[in-house]
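K.L.:
Sequence first, predicted coordinates after that:
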Amino acid sequence: MTSAETSPEKSVNMSNMRDLEIAAKVNANKVTARNVDVYYGATHAIKNVSVDIYDKAVTAFIGPSGCGKSTFLRCINRMNDTINICKVSGKIEIEGEDIYDRRVDPVQLRAKVGMVFQKPNPFPKSIYDNVAYGPKIHGLSQNKTELDEIVETALKKAALWNEVKDRLAGPGTGLSGGQQQRLCIARAIATQPEVLLMDEPCSALDPIATAQVEELIDELRSQFSVVIVTHSMQQAARVSQRTAMFHLGELVEIDVTETMFTNPSHKKTQDYITGRYG
Amino acid sequence: MNDRNHTVTAYDEELGFLSNRIAEMGGYAERMVDRAVTALINSDHALSKQVIAEDALMDNWHREIDDKSVLIIAKRQPMARDLREIIGTMRIASDLERIGDLGKNIAKRTVAVAEVKQPLRLYRGLESLAELAMIQLKEVLDTFATRRMDGIELLRDRDEEIDAKYTSLFRELLTYMMEDPRNISACTHLLFCAKNIERIGDHVTNIAETIHYMETGEGLANERPKDDKHNAITVSKA
């Protein structure tokens, strides 16, 4: 595939118009990736991916297992730095700032780019401490009252406050799976990030907890740029405004979600979303 | 359709069932309209009764397609082309069911029209209008089977011919009625039959548009010009 084909630029058509509408509403690209390549040792995991991720919109990454969608997601907050054999090249900017610049502190970056994982992974601490941990280490509060406020706001945004306000000292691991995942979301948004990365956040949850998290994602969209990796096509169709399809490390296409699921331009996308892959 | 099969083979079978059923309904609708017009022209009561009875099967098939489609949507959550295929199938089934109804309506008038033996010239226009509609119906069903989009706009635009023919038939029947008031009863029934055939043309157009949507994901461009001007015809102008 040539870089022209993978470029987010497309000729003007109906879906392109819709895309421009979304772009106009959100005003800006939050994340701009250009010619990103990722290698795990000799394995070329991401091949020349260029993509724009809009602010205040949900972008879904779909594609078969091993297509590189999670790897690319992890590039956005430099989680791949923790893997020794992993090498990233190309450029990823968040609001014009190159996140791979030597002067950027990955820890600070990760406060700005929160992440929620597939399995809920609360710290073995109290519910309160789970949420307060990030703001504490980043020095976001001057005193206990301020910290209390941050915790309450984050838990409210994560739609968990009413369920846990009377047991904040109880262990985070004592919550149900869906509550634990919302606790992790509360933890991720407590540091007031600009981008929220979600790697299959609902795959370990039951349908009700999934619906609650999806509702939450829809609400978070008004404040953050959300990127979600999901294996559920229906979930991508429900929660996102734009969808990107990955295949064997390449970005096949990115388009308005409605178009991607009713009339995608690429055969690979068509085959994948209709269950004809493989 | 699609050169690649679903990983779940039962899904392919379910979609295959829908398109086979549409082909069957299409063939049946063609036969119903053809036989209804034949019954009308030949005053063949036995044949008209058969056509009326056949409509029940069309209704059943239509319901069956609706039920199966809803089930597939619930079970498989179809996407992209599959989704368009299913939605399109439901639309086409209801157009074909309506065509069957229109055939039945024509058959129902056989008795009334044949009360008094009518001169053959009264039927000529109707016969050629029906021929046009039948050609259109056959072609749209062929297009459904082959999914070749090259003739589809032409097919849709040819509905104008039916509309123009209908308008001229309207005029003609009006003239017969003015010539001899004893023609009024039969001609009125024939007018309704002509209207039914003209409506078949409209359903064919709908089906053509649906097939285009199923194939391309887009509607056919531009609303076609309407050539059905009978609503402006008065006795003085006839």
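P.N.:
Received it, and whenever you're ready, just let me know what you need. The structure displayed is predicted, hence computed values, not measured ones.
K.L.:
In three-state terms, label residue A:142 for me.
P.N.:
Here residue A:142 takes the coil state, with states given by DSSP: H, G, I helix; E, B strand; the rest coil.
K.L.:
what about it, how many neighbours?
P.N.:
Number of residues near residue A:142 (other CB atoms under 10 Å in any protein chain shown) recorded here: 8. No exception for glycine: its C-beta is placed from N, CA and C like everyone else's.
K.L.:
Ok, residue B:87 next?
P.N.:
Residues lying near residue B:87 (other CB under 10 Å) number 17.
K.L.:
What strand or helix carries it?
P.N.:
According to DSSP states H and E, residue B:87 maps onto helix B:80-108.
K.L.:
and that helix, what other elements does it pack with?
P.N.:
helix A:257-262, helix A:267-273, helix B:9-42, helix B:45-76, helix B:184-216 (3 or more CB pairs under 8 Å, 6 or more residues apart in numbering or on different chains; DSSP states H and E).
K.L.:
Helix B:184-216 and the longest one, what's the angle between them?
P.N.:
Between the axes of helix B:9-42 and helix B:184-216, defined by axes from the mean of the first three to the mean of the last three CA atoms, to 10 degrees, the angle is 160 degrees.
K.L.:
Then the fourth one?
P.N.:
Helix B:45-76 and helix B:184-216 are oriented at 30 degrees to each other (the same axes, to 10 degrees).
K.L.:
Just the closest residue of the stretch 151-278 of chain A to chain B, please.
P.N.:
Nearest residue of the stretch 151-278 of chain A to chain B, counting by CB to the nearest CB: residue A:263, 3.0 Å away.
K.L.:
Next one, pLDDT for that residue please.
P.N.:
Residue A:263 carries a pLDDT value of 90.
K.L.:
quick one: average confidence on stretch B:119-126?
P.N.:
So the average pLDDT for stretch B:119-126 ends up being 84.
K.L.:
swap in stretch B:205-214?
P.N.:
95.
K.L.:
Mind listing residues that contact it?
P.N.:
For stretch B:205-214, the surrounding residues in contact (CB atoms under 8 Å, 6 or more residues apart in numbering or on different chains) are B:81, B:84-85, B:88, B:91-92, B:95-96, B:140, B:143-144, B:147, B:149, B:152, B:155-156, B:159, B:218-220, B:224.
K.L.:
Which phi and psi values does the closest residue to chain A within chain B adopt?
P.N.:
For chain B, the residue closest to chain A is residue B:217, as judged by CB to the nearest CB, at 3.0 Å. Backbone torsions for residue B:217, taken as degrees, to the nearest 10, come to phi 80, psi 0.
K.L.:
Report how many residues lie close to the closest residue in space to residue A:48 that isn't next to it in sequence.
P.N.:
Nearest residue to residue A:48, sequence neighbours excluded (CB to CB, 6 or more residues apart in numbering or on different chains): residue A:35, at 5.4 Å. Residue A:35 has 13 neighbours, counted by other CB under 10 Å.
K.L.:
hang on, residue A:35 is in a strand, isn't it?
P.N.:
Yes: applying three-state DSSP, one finds residue A:35 inside a strand.
K.L.:
how close does it get to chain B?
P.N.:
To chain B, residue A:35 is 29 Å away according to CB to the nearest CB, to the nearest Å.
K.L.:
Tell me who's in contact with that residue.
P.N.:
A:3, A:48, A:49, A:50, A:89, A:90, A:91.
K.L.:
so which of these comes closest to chain B?
P.N.:
When the contacts of residue A:35 are ranked by distance to chain B (CB to the nearest CB), residue A:49 comes first, at 22.7 Å.
K.L.:
heading toward the C-terminus, what's the first helix or strand past the helix or strand harbouring the closest one?
P.N.:
For residue A:49, the element it lies in under DSSP H and E is strand A:43-54. As assigned by DSSP H and E, the chain's next helix or strand after strand A:43-54 is strand A:58-62.
K.L.:
what's the angle from that next one to strand A:43-54?
P.N.:
Interaxial angle of strand A:58-62 relative to strand A:43-54 (the same axes, to 10 degrees): 160 degrees.
K.L.:
Quick one: list the elements packing against strand A:58-62.
P.N.:
Against strand A:58-62 (3+ CB pairs under 8 Å, 6+ apart) you get helix A:69-75, strand A:225-229, helix A:233-239, strand A:242-247.
K.L.:
Give the partner strands of it in its sheet and their orientations.
P.N.:
With DSSP bridges as the test, strand A:58-62 is paired with strand A:225-229 (parallel), strand A:242-247 (parallel).
K.L.:
Pretty sure the residue of the stretch 151-278 of chain A closest to chain B sits against residue B:84.
P.N.:
Yes: taking CB atoms under 8 Å as the definition, residue A:263 is a contact partner of residue B:84 at 7.5 Å.
K.L.:
shared neighbours of these two, anything?
P.N.:
Joint contacts of residue A:263 and residue B:84 (CB under 8 Å, 6+ apart) are residue B:217.
K.L.:
Can you tell me which residue is spatially central in the chain?
P.N.:
Unless you meant another one, I'm taking chain A. Residue closest to the average C-alpha location in chain A (CA atoms, centre = their mean): residue A:197, at 2.2 Å.
K.L.:
not quite, I wanted chain B
P.N.:
By CA atoms, centre = their mean, chain B has its centre lying nearest to residue B:200, at 3.4 Å.
K.L.:
what pLDDT does that residue get?
P.N.:
97.
K.L.:
Looks like it contacts residue B:102 (just checking).
P.N.:
Yes: under the criterion of CB under 8 Å, residue B:200 is in contact with residue B:102, at a separation of 5.4 Å.
K.L.:
Which residues are in contact with each of those two?
P.N.:
residue B:33.
K.L.:
What helix or strand is residue B:148 located in?
P.N.:
Applying DSSP H and E, one finds residue B:148 in no helix or strand.
K.L.:
Apologies, that question was intended for residue A:202.
P.N.:
Under the criterion DSSP H and E, no helix or strand holds residue A:202.
K.L.:
can you pull the pLDDT of the closest residue to it other than its chain neighbours?
P.N.:
Of all residues not flanking residue A:202 in the chain, residue A:210 sits nearest, at 4.3 Å (CB to CB, 6+ apart). pLDDT recorded at residue A:210 is 90.
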